[in-house]
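K.L.:
Sequence first, then the predicted structure:
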Amino acid sequence: MKKNIIFVIPALNEERCIKKVILEFKKIGNVLVVNDNSKDRTKYLASKYSNFIINNKRRLGYDKSLRVGLKYAATRIKGCNIIFSIDGDGQHQSKSVNVFLKKIINNDIVIGKRQFFNRFAEYLIGFFSNILDGISDPLCGMKCYKKKKLIYLLKNLKDNSDYIGMFFLKGKNKYTEVSIKVKENKLTRFGSGFKANMRMIFAYIKIKFKII
């Protein structure tokens, strides 16, 4: 296990997979779970198996929970200089970590690129983001950050908007993406309907064009 690496997992009602995810990534580095006021056994399992846990007193949602975890990892956990975000539903695989670590050496942020998307909005955002940002999957939950850059990003993120993890697109940052294979996602967090798709589209427009 590398103590300079920490994996941040925002988790909402993930009792089905969270133990397996924690133990898989714990072999590589420390694991911090942000339990978003889950109503199942997520809190119990995270408390038992993860290195660190934050329990939200009320439900904050994915983006705010993610930021809470990333900020804690970057500012409160000593010896940590590489910070990953991963999902708690088991779709991300630890075998992808080494590719991220190779790329982060010459970048501030490394973003995963999935082999398939679950929603129309992800294809649409990926199309425009590839043209405007050179990133074809900004919504991928598996990302890797250098500590100093992450602290800078979070410090300068002054609003409370829901960016669904795409806040790294604000400002000038050196980033790249790597292809990863993901397991099937049951869509427990965002859903796949009209509302979920529009939420993602609005988040991208907000962060890129500042008109919403």
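P.N.:
Looks like it came in fine.
K.L.:
count of neighbours near Asp203?
P.N.:
Check again: residue 203 is Ala, not Asp. Ala203: 23 surrounding residues under other C-beta atoms under 10 Å. All C-beta spots, glycine's among them, are computed from the backbone N, C-alpha and C.
K.L.:
I'd assumed Lys170 was in contact with it.
P.N.:
No: the pair Ala203 / Lys170 is not scored as a contact, 11.9 Å apart, by C-beta atoms under 8 Å.
K.L.:
what's Phe128 in contact with, if anything?
P.N.:
Tyr204 (C-beta atoms under 8 Å, 6 or more residues apart in numbering).
K.L.:
where's it, which helix or strand?
P.N.:
Assessed by DSSP states H and E, Phe128 sits inside helix 120-132.
K.L.:
Which neighbouring elements make contact with whichever helix or strand comes after that helix?
P.N.:
Using DSSP H and E, the helix or strand that directly follows helix 120-132 along the chain is strand 143-146. Strand 143-146 makes packing contacts with strand 82-85, helix 97-104, strand 109-113 when contacts are defined by 3 or more C-beta pairs under 8 Å, 6 or more residues apart in numbering; DSSP states H and E.
K.L.:
now strand 143-146, how far from the centre of its chain.
P.N.:
Centre-to-centre, strand 143-146 and its host chain are 9 Å apart (C-alpha atoms, centre = their mean, to the nearest Å).
K.L.:
who's in contact with it?
P.N.:
So strand 143-146 is in contact with 70, 74, 81-85, 100-101, 103-104, 107-112, 153, 165, 168, going by C-beta under 8 Å, 6+ apart.
K.L.:
Near the residue nearest to Gln93 when sequence neighbours are not counted, how many other residues are there?
P.N.:
Nearest non-adjacent residue to Gln93, counting by C-beta to C-beta, 6 or more residues apart in numbering: Lys181, 6.7 Å away. Lys181: 13 surrounding residues under other C-beta under 10 Å.
K.L.:
do the same with Lys20
P.N.:
Lys20: 13 neighbours (other C-beta under 10 Å).
K.L.:
can I get the CA coordinates of the helix or strand bottoming out on mean pLDDT in the chain in PDB?
P.N.:
None of the helices or strands of the chain scores lower by mean pLDDT, DSSP states H and E than helix 194-209, at a mean of 92. C-alpha atoms of helix 194-209 as PDB (Å, rounded to 0.1, in the frame of the first residue of the first chain):
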ATOM      1  CA  PHE A 194     -34.900  13.500 -18.800                       C
ATOM      2  CA  LYS A 195     -34.200  15.200 -15.500                       C
ATOM      3  CA  ALA A 196     -30.900  13.500 -15.000                       C
ATOM      4  CA  ASN A 197     -29.700  14.200 -18.500                       C
ATOM      5  CA  MET A 198     -30.700  17.900 -18.300                       C
ATOM      6  CA  ARG A 199     -28.900  18.200 -14.900                       C
ATOM      7  CA  MET A 200     -25.700  17.100 -16.600                       C
ATOM      8  CA  ILE A 201     -26.100  19.400 -19.600                       C
ATOM      9  CA  PHE A 202     -26.800  22.400 -17.400                       C
ATOM     10  CA  ALA A 203     -23.800  21.600 -15.200                       C
ATOM     11  CA  TYR A 204     -21.500  21.600 -18.300                       C
ATOM     12  CA  ILE A 205     -23.000  24.800 -19.700                       C
ATOM     13  CA  LYS A 206     -22.600  26.500 -16.300                       C
ATOM     14  CA  ILE A 207     -19.000  25.700 -15.900                       C
ATOM     15  CA  LYS A 208     -18.000  26.400 -19.500                       C
ATOM     16  CA  PHE A 209     -20.200  29.400 -20.500                       C
END
